[in-house]
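A.B. asks: Take this sequence and fold it.
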Amino acid sequence: MEAVVLTAGEGTRMRPLTLTRPKTMLPVAGKPMVEYSVDALRDNGVSEIIMITGYREEVVRSHFGDGSEFGVDISYVKQDERLGTAHAIGQAAGMVSDEFIVLNGDIITDPQLVGDLISAYSDMKPETLMVLREVPDPSSFGAVRLEGDRVREIIEKPSPDVDAGNLINTGIYVFSPAVFDYIEQTPLSRRGEYEITDTIMMQVRDDLPVRAIVSEREWIDVGRPWELLDASEKLMKGLERSIHGEVEDGVTIHGPVVVGDGSIIRSGTYIQGPVYIGRDCDIGPNCYLRAHTCIGNNVSIGNAVEIKNSIIMDGTNVNHLSYVGDSVIGAACNIAAGTNIANLRFDDGPVRMRVKEESVDTGRRKLGAVFGDGVKTGINSSFNPGVKVGKGSRIGAGCVIYEDVPSDKLVILKQEYIIRD
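C.D. replies: All right, here's what the predicted structure looks like:
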C-alpha cells in the first residue's frame, strides 16, 4: 500500500512559529510533527510516500530529501493553491497505482493505528475507510454517524442543538484510486474549499461501501502553539535514556534523558527527565533542566539557567541567569542574560493567548511565551504569561512585555535618570 501525506498548509493559528516553516515541521519531542507520520507508515510496511507540499515546501524537502535516511521512498507534489483537503489529495492523481492511505502531517498517531487501518481495509475491502474516535464534544470536529460500520452522514462542526453523536473524523483514510473521479466532481464548500468530507458523502449517496473503524489509540491534533507543549508531554512519556554526547563529572541526571552526538553537559547541571537534547549543544555549567524540556540542535544554554517544560528550537542561545517556563522559543533566538519568562498569573487563573486576533483561554494554568525565529532579548527583560513575540523582533534591556509584539519590531524602554552629586 502507498501513502499520501498532506503537508502543504501554513497553520496560521500557529503564528509566529509558522512564519518561517510549515506547521507540520514544528518540533514535538525532538522531531517535526510530520516525521511521526513517516515513521508510523514505515513501521507498518508502507515505504512509498507522496508528500503534498505547498507553503515553505523547501523546509520539508530539505529535511526529508528522497526519504532514504528515513527508510522510505518519498516523492513530492506541490499544491500551488491551497484549496482544501480534496484538492490536496487530488494532486496525487496518476501517482498512486492502488489503494492508498492518507494522513494529515499535523496529526500525530500511534503507529499501531496505521497497522489497524491496513488490517481492517484488508478484511473489509471498502471503497473508502475512515478512522473515527469518541470524544465528549464533537462541536470542533466533523461528527460521523454510522449504521453498523457504514458511514451514513458527516456533520461538520455540529451546533449544540444537533444530535450528532460522539464519533469524530480523525482525518485518516484509505481510498481506492476511484476517489479521484469523485474529487473532480466535488463542488466548492461554503468555505470556498474542496472538502474531502464532501467527496466521501458523494460516495455515500451513490451507495458505495464507505466504512469506518473506531479507534482508541493515541491521536494528537496539534493546532495552536501551547498544544505543542501538550503533545511533547505525551510523547516524551515513552522516552528512553540515550547518551551520545559528553557528560562531565558533577552532572546529575534523573529519569529518561536523550543527549545527541557532539553535545556537552557541563559540571553542576541538574537534569530531571524526561528531557531531550539534540546534537552539538552546549549546556551549563550549573543549569537546571526540568521535565518535558525539548532542546533542538546547536543550542547553547548558559550558566545558571533554568528551563521548565519548554521547546527550544535549533540554533538558539539562552544566556546565563535566565528562566524560561512552559514556553516555545523559535530557532536562532538570543535570550540575553537575566531574561525571565513568567508562566503563572497572579490570580492563578488559566492563561489566555491571542490566536488570529482572538483572545483564547488556553486551559493551561502555566504557560509562558511564544517567540518566533530570530528574536533577541536584552538583559533583564521580562515576559508576562501568554505573550507572543513575532520573528526577528528585538526587545530592549529592562523591558516588561505584557502584550504581543509583531514581527520585525524594536521595543526600547525609555526612562528618566536623576543624577545627583
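A.B. asks: now the closest residue to residue 151 other than its chain neighbours: how far from residue 409?
C.D. replies: Distances taken as CB to CB, 6 or more residues apart in numbering put residue 210 closest to residue 151, at 4.4 Å, once the chain neighbours are dropped. C-beta here means a position set from N, CA and C on the backbone, and glycine is covered the same way. In this view, residue 210 and residue 409 are 50 Å apart by CB to CB, to the nearest Å.
A.B. asks: What of residue 188?
C.D. replies: The spacing between residue 188 and residue 409, counted by CB to CB, is 38 Å.
A.B. asks: and stretch 9-19, what's its mean pLDDT?
C.D. replies: The average pLDDT within stretch 9-19 is 92.
A.B. asks: Endpoint to endpoint, that stretch covers what distance?
C.D. replies: 12 Å (CA to CA, to the nearest Å).
A.B. asks: Would you mark the buried spots in it?
C.D. replies: 9-11, 13-19 (16 or more other CB atoms under 10 Å).
A.B. asks: The lengthiest helix in the chain - contacts with which helices or strands?
C.D. replies: When the chain is scanned for its longest helix (criterion: DSSP state H), the result is helix 111-124. Here helix 111-124 touches helix 33-43, strand 100-104, strand 128-134, strand 167-175, strand 210-214, going by 3 or more CB pairs under 8 Å, 6 or more residues apart in numbering; DSSP states H and E.
A.B. asks: And the contacts of the last one?
C.D. replies: Strand 210-214 is touched from outside by 116-117, 120, 124, 126-134, 144, 146, 149-151, 167, 200, 203-204, with contacts defined as CB atoms under 8 Å, 6 or more residues apart in numbering.
A.B. asks: thinking again about what came up before, what's opposite the residue nearest to residue 151 in the beta bridge?
C.D. replies: When assigned by DSSP bridges, residue 210 has beta-bridge partners residue 128.
A.B. asks: Of all the helices and strands packed on helix 111-124, which one is nearest residue 238?
C.D. replies: Set against residue 238 and scored by CB to CB, the helices and strands packed on helix 111-124 come closest in helix 33-43, at 12.1 Å.
A.B. asks: who touches that closest one?
C.D. replies: Here helix 33-43 makes contact (CB under 8 Å, 6+ apart) with 3, 5, 7, 23-28, 47, 49, 51, 60, 63-64, 67, 70-72, 74, 101, 103-111, 113-114, 222, 231.
A.B. asks: Tell me the buried residues within those residues.
C.D. replies: Burial by neighbour count, 16+ other CB under 10 Å: within those this picks out 3, 5, 7, 23-28, 47, 49, 51, 60, 64, 67, 70, 72, 74, 101, 103-111, 113-114, 222, 231.
A.B. asks: Looking at residue 210 and residue 409 now, which is surrounded by more residues?
C.D. replies: Legend: neighbour count by other CB atoms under 10 Å for residue 210 and residue 409, higher for residue 210 (23 against 12).
A.B. asks: low-scoring stretches of the stretch 51-200 of the chain, by residue?
C.D. replies: For the stretch 51-200 of the chain, applying pLDDT under 70 flags no range at all.
A.B. asks: how about the helices in it?
C.D. replies: 57-64, 85-90, 111-124, 179-185, 196-205 (DSSP state H, counting those that start in this stretch).
A.B. asks: Include distance to residue 351 when you put the ones you listed into TSV, please.
C.D. replies: TSV is the format used below for the helices of the stretch 51-200 of the chain (distance: least, CB to CB, whole Å):
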stretch	distance to residue 351
helix 57-64	29
helix 85-90	32
helix 111-124	32
helix 179-185	41
helix 196-205	33
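A.B. asks: Return the distance of residue 71 relative to residue 39.
C.D. replies: Going from residue 71 to residue 39 by CB to CB gives 9 Å.
A.B. asks: Likewise for residue 263?
C.D. replies: According to CB to CB, residue 263 and residue 39 sit 23 Å apart.
A.B. asks: And residue 398, by the same measure?
C.D. replies: Separation of residue 398 from residue 39 (CB to CB): 45 Å.
A.B. asks: What of residue 288?
C.D. replies: 31 Å.
A.B. asks: who's more crowded, the two?
C.D. replies: The residue with more neighbours, out of residue 288 and residue 39, is residue 288; 19 against 16, by other CB under 10 Å.
A.B. asks: so who does that one touch?
C.D. replies: Contacts of residue 288 (CB under 8 Å, 6+ apart): 269-270, 272, 305-307.
A.B. asks: Among the residues you listed, which one sits closest to residue 421?
C.D. replies: Lowest distance from residue 421 to the contacts of residue 288 (CB to CB) belongs to residue 305, with 39.8 Å.
A.B. asks: The closest one: neighbouring residues, count only.
C.D. replies: When counting by other CB under 10 Å, one arrives at 24 neighbours for residue 305.
A.B. asks: Look at the residue nearest to residue 151 and report its pLDDT.
C.D. replies: pLDDT for residue 210: 90.
A.B. asks: surely residue 266 meets residue 284?
C.D. replies: Yes - with contact defined as CB atoms under 8 Å, residue 266 counts as touching residue 284 (3.3 Å).
A.B. asks: Identify the contacts common to those two.
C.D. replies: With CB under 8 Å, 6+ apart, residue 266 and residue 284 have common neighbours 248, 251.
A.B. asks: who has more neighbours, those two?
C.D. replies: Taking neighbours as other CB under 10 Å, residue 266 and residue 284 compare with residue 284 leading, 24 against 19.
A.B. asks: Residue 344 pairs with what?
C.D. replies: residue 366.
A.B. asks: can you pull the contacts of the spatially closest residue to residue 84 that is not a sequence neighbour?
C.D. replies: Leaving out its chain neighbours, the residue that sits closest to residue 84 by CB to CB, 6+ apart is residue 193, at 3.0 Å. By CB under 8 Å, 6+ apart, the residues touching residue 193 are 83-87.
A.B. asks: May I see the PyMOL selection of the buried members of those?
C.D. replies: Entered in PyMOL, the line below selects the buried ones among the contacts of residue 193, by 16+ other CB under 10 Å:
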select buried, resi 84+85+86+87
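A.B. asks: mind checking how far residue 337 is from residue 323?
C.D. replies: From residue 337 to residue 323 the distance is 11 Å (CB to CB).
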